[in-house]
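# Give me a 3D structure for the following:
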Amino acid sequence: MKVVTSRELNQDVSRAKRAARFEPVFITDRGRPTHVLMSIETFRELSAPRETIVDLLAAPLAAQLSDPLPVPAGPWPARGADR
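Numbering: from 1, shown residues only. As a prediction, the model looks like this:
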């Protein structure tokens, strides 16, 4: 992780850009990180839409469910069956 101050960035932007090709560069202002400089490839990887675990688990199941699931008979009668 590369860290540069705002002043260092202003003095040598090209050096920070070269470093950002390989790893994110944290830019500090008064000792606190305020910005991150990264390559466009890294940005695209981080901002690309991702499938959630729910999407991944539901995809094969949705293809198999052409008919509704059968409801198993339990030890109790269905509601309204006595009426």
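
# which ones are touching the nearest residue to residue 29 once chain neighbours are set aside?
Sequence neighbours aside, residue 6 is the residue nearest to residue 29 in space, at 4.9 Å (criterion: C-beta to C-beta, 6 or more residues apart in numbering). C-beta coordinates here come from the backbone N, C-alpha and C atoms, glycine included. The contact partners of residue 6, by C-beta atoms under 8 Å, 6 or more residues apart in numbering, come to 27-29, 34.

# Sort out for me which of these are in strands.
27-29, 34 (DSSP state E).

# what about the most centrally placed residue in the chain, which helix or strand?
Centroid-nearest residue in the chain: residue 50, 6.1 Å away (criterion: C-alpha atoms, centre = their mean). Under the criterion DSSP states H and E, no helix or strand holds residue 50.

# do residue 42 as well
Using DSSP H and E, the element containing residue 42 is helix 40-47.

# Output that helix as PDB, restricted to C-alpha atoms.
Output of helix 40-47 as PDB, limited to C-alpha atoms (Å, rounded to 0.1, in the frame of the first residue of the first chain):
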ATOM      1  CA  ILE A  40      -9.000   2.000 -14.200                       C
ATOM      2  CA  GLU A  41      -8.700  -1.800 -14.400                       C
ATOM      3  CA  THR A  42      -8.900  -2.000 -10.600                       C
ATOM      4  CA  PHE A  43     -11.800   0.400 -10.500                       C
ATOM      5  CA  ARG A  44     -13.700  -1.600 -13.000                       C
ATOM      6  CA  GLU A  45     -13.100  -4.800 -11.100                       C
ATOM      7  CA  LEU A  46     -14.300  -3.300  -7.900                       C
ATOM      8  CA  SER A  47     -17.400  -1.600  -9.500                       C
END
